[in-house]
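*Asks:* Got a sequence here, can you model it:
(2 chains)
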Amino acid sequence: MPVRILIVDDAIFMRKMIGDILKKEGYEICGEAENGIEALSKYKELHPDLVTMDIIMPDMSGIDAVQEIVKQDYSAKILMVSAMGQQSLVVEAIQKGAKDYVIKPFQPSRVLEAVERVLKAK
Amino acid sequence: MNEFDISKYKQIFKSETVEYLSQLNQYIIQLEKTPEKNAIINAIFRNYHTIKGMAGTMEYKDIEELAHSLEDLLSLIRDGSLSVNSEIIDLMLRGTDRIEHLIENPNEGGLQNRLLIENISEIVKGKVSIKKEKTLTKRPPEKIGKATCKITLKKGIPLKGARAAVLISDLAQNAEIVNFFPDESSIEKGNFEEEFSLTITPKIPIKKIKKSLLSYSDVLSVDFTDVIGKLDVTSSILRKSDIRVEIKKLNTLQNLLSELVIAKETLRGYVQKDDKERILDETDRITNTISALQDEVVKIRMVPIWQIFERFPRVVRDKAKELEKKVDFEIRGKDIELDRSMLENLAEPLLHLLRNSLYHGLERPEERKRLGKPETGHLILEAERQRGVVLIKVSDDGRGMNIPKILEKAIKKEIVTEAKAKSLTEKEILDFIFISGFSTLDVVDEVSGRGVGMDVVKTRLRTLGGTFDFKTEKNKGTTFILKVPLTMAIIKAFLVNVGDETYAIPLTFIEETIELHSQSIKTIHSKEIFILRDEAIPVKRLHKIFGCRNGDGTELYPTVIVNSESQKVALTTSGFREHTDIVVKTLPKTLTDIKEFAGVTLLRDGKPALIIDVPNIV
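*Replies:* Next up is the predicted model:
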């Protein structure tokens, strides 16, 4: 069974880009969400193996979404997607339970490395 | 990282590894006594681990491999899949010895190393295959104390604070993080160059932690620089030319030296003015400063006696095992300090004595039982400070010296005739053991390669300016007593004149000084004696021994009563001078076969004075 991934980002461009990188490696994109609230409901519904989470989004930020998801599923595997200069936000997300992060603009190899490692972790 | 020259770290590597090995020997022996003690197992593990790491850095492959295989062995013991037996203890001791050998000869691993590693890995593999089947029921490995984990990130990575945060949270899964450097918030803000350090208490093997951290491509390297929990860093063993000196002591030296420099200038001024009184004052001050300086230098040379004592439990254990004897070995007074060259010279005689007690003194368990003694014998090595000297005793509760047997042997060896033997006192009989080559058991010691003679010990002690004696009681045991001056370099001595020359007699040997009338000297069996408080004391006229012409017709001899190994002798002189501190210098090679002298010193007037070797004259 392929690994199922939920992509959360307010930009379609970014969702597409991440999706392509992951699909190419055989991951299944089981769903997409464009803000934190949607991410939360999709997570409950789909139980993905991994979530890629943008930070700055309308309605509910990625950080709050991480907090809520982890509250429900302690073992949730969330990979933050961050722009340069958001260090403190990433740190906050990590402290709230995100496992790792990747930086925009993407280097596909970095994204895959992070995804693999997060999936492998307990 | 590897661009720097590692050869300059060789010396530190050596002395530090020696320190670890010495601890290892102690720990391993403790482990044999208390095989369940986790603290000891962990300590041994840590030491091998640290040695492995250091050797790896030095690129000493043979040491690294060996330490690595020993570490594997220990981790099996630690997680309970291997229980300690004497075979394993031996293997660990052999490994430790081997590493010690390799420190001096790092590239001589060769066949011996491979065999040893194979030996170890047979045990390890045997256990690992069994372990795999029941791996689910295994309890998690124990914590191994604290370690410092230094993480170096690649240069110029974006959001390095975030990377650090991820690494820290990853690490937190496998270890308890005790401390951050720089502090946590600086790390998370990315306020560090490329590296940051964490003090951690690992929950899983360090190797795995390292592997996990290195899986991040932003991470350049992960180093576990140190494993805390080892013994006090300052209490290190020092070998040969190395000496660790407290900064405080060096500062004192520096201060005294500057005082001297100032005094010299002051003195020069007074000399120019020809102010005699001031010159004398200043000279006194200089004298005081110099003696303070002397004290400080002596202090620096002092090292605690445990630095050699700590090697002994291992030796005693091995020897006792070989001889099938049970022994409880106790060390007392190990904090007493002695001059380091003295200490080094004592190691061998003490080893001889300990082995001697194990061989001759202590009985086998069956015999002890029959005699109503506890099966386990008691062997004590103790040091004790007494005015200006240190007493070192080696005592056992064994059978004591066998006087009839010693006498029998002396007759057999034709040291004494049967007729004369009857008139000998116990003490005189016991003194035969000091004769070269005399030993009650005809065993050859495998370490020195020859029969261990008490004469060797006695000679050594004499060259150190010390004395050697013993007490023995049948079935109660034997105590050897070594008395050594605190230092060999500077001793207190009494200066006497013989003819026109001045000689120094070390104060440790002097009982008293008297004036001896020539009429009081009697001749018995062609030997001169005189009676002092009902005791007959042999008289030796120094001017005769030293071949001085004048001195024969004297009525009244200033005489020094010396005592060496409970033997008193009166040494007649031509006059007393004073007692003073002298700096002992060894005699030039061409003169060393003159047995009457232990060395030479320079007197205040610049003239040399020979130092009388009292034990040799007595």
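*Asks:* tell me the phi and psi of the residue nearest to B:L159 when sequence neighbours are not counted?
*Replies:* The spatial neighbour of B:L159 that comes closest, neighbours along the chain excluded (Cβ to Cβ, 6 or more residues apart in numbering or on different chains), is A:Q87 at 4.8 Å. All C-beta atoms are positioned from the backbone trio N, CA, C, and that covers glycine. Dihedral angles of A:Q87 (phi, psi; degrees, to the nearest 10) stand at phi -50, psi -50.
*Asks:* Pull up the pairing partners for the helix or strand encompassing B:N497, direction included.
*Replies:* Under the criterion of DSSP states H and E, B:N497 resides in strand B:490-498. When pairs are called by DSSP bridges, strand B:490-498 turns out to pair with strand B:501-506 (antiparallel), strand B:575-583 (antiparallel).
*Asks:* Outside of the last one itself, list whatever touches it.
*Replies:* With contacts defined as Cβ atoms under 8 Å, 6 or more residues apart in numbering or on different chains, strand B:575-583 is touched by B:291, B:294, B:489-497, B:502, B:504, B:507, B:513, B:558, B:601-602, B:609, B:611.
*Asks:* ok, now with 6 Å
*Replies:* Residues from elsewhere that reach strand B:575-583 (Cβ atoms under 6 Å, 6 or more residues apart in numbering or on different chains): B:I490, B:K492, B:A493, B:F494, B:L495, B:V496, B:N497, B:A504, B:P558, B:T601.
*Asks:* Going by neighbour count, which residues of the strand holding B:N497 are buried?
*Replies:* Neighbour-count burial for strand B:490-498, counted by 16 or more other Cβ atoms under 10 Å in any protein chain shown, picks out B:I490, B:I491, B:A493, B:F494, B:L495, B:V496, B:N497, B:V498.
*Asks:* can you give me phi and psi for the nearest residue to B:H378 once chain neighbours are set aside?
*Replies:* Closest residue in space to B:H378, ignoring its immediate chain neighbours: B:D397 at 4.7 Å, by Cβ to Cβ, 6+ apart. With angles defined as degrees, to the nearest 10, B:D397 sits at phi -110, psi 40.
*Asks:* quick revisit: got a pLDDT number for the residue nearest to B:L159?
*Replies:* With respect to pLDDT, A:Q87 scores 86.
*Asks:* now do the one 3 residues further on
*Replies:* If you check A:V90, the pLDDT there is 91.
*Asks:* What count of nearby residues applies to it?
*Replies:* Number of residues near A:V90 (other Cβ atoms under 10 Å in any protein chain shown) recorded here: 27.
*Asks:* Over to B:E330?
*Replies:* Neighbours of B:E330 using other Cβ under 10 Å come to 12.
*Asks:* Give me the helices and strands touching the helix or strand harbouring it, please.
*Replies:* According to DSSP H and E, B:E330 maps onto strand B:327-332. Judged by 3 or more Cβ pairs under 6 Å, 6 or more residues apart in numbering or on different chains; DSSP states H and E, strand B:327-332 is in contact with helix B:312-322, strand B:377-386.
*Asks:* Serialize those to JSON lines and add fields for mean pLDDT.
*Replies:* Output for the helices and strands packed on strand B:327-332, formatted as JSON lines (pLDDT from 0 to 100):
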{"stretch": "helix B:312-322", "mean pLDDT": "85"}
{"stretch": "strand B:377-386", "mean pLDDT": "90"}
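*Asks:* Can you add mean neighbour count and give those back as CSV?
*Replies:* Shown next, in CSV, are the helices and strands packed on strand B:327-332 (neighbours: other Cβ atoms under 10 Å in any protein chain shown):
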stretch, mean neighbour count
helix B:312-322, 18
strand B:377-386, 18
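*Asks:* Of those, which is nearest A:Y43?
*Replies:* helix B:312-322 (62.8 Å; Cβ to Cβ).
*Asks:* Spatially, what comes nearest to the closest residue to chain A within chain B if we skip its sequence neighbours?
*Replies:* Here the residue of chain B nearest chain A is B:A162; by Cβ to the nearest Cβ that distance is 3.7 Å. In space, and not counting its chain neighbours, B:A162 is closest to A:V90: 3.7 Å by Cβ to Cβ, 6+ apart.
*Asks:* any idea how far the one you found lies from A:M84?
*Replies:* Going from A:V90 to A:M84 by Cβ to Cβ, to the nearest Å gives 11 Å.
*Asks:* Can you get me a residue count around the residue nearest to B:C548 when sequence neighbours are not counted?
*Replies:* Using Cβ to Cβ, 6+ apart and skipping the chain neighbours, the partner closest in space to B:C548 is B:G499 (3.1 Å). The local packing of B:G499 (other Cβ under 10 Å) involves 17 other residues.
*Asks:* For B:S258, see how far away A:G62 is.
*Replies:* 67 Å.
*Asks:* Which residue ranges of chain A form strands?
*Replies:* Along chain A, counting by DSSP state E, strands occupy A:4-8, A:28-33, A:50-54, A:78-82, A:100-103.
*Asks:* three-state assignment of B:E363?
*Replies:* Counting by DSSP: H, G, I helix; E, B strand; the rest coil, the backbone at B:E363 sits in coil.
*Asks:* any idea of the mean pLDDT for stretch B:508-517?
*Replies:* 87.
*Asks:* Also stretch A:8-26?
*Replies:* 89.
*Asks:* re earlier: surely the residue nearest to B:C548 and B:F546 touch.
*Replies:* No - if you go by Cβ atoms under 6 Å, B:G499 and B:F546 don't touch, sitting 7.2 Å apart.
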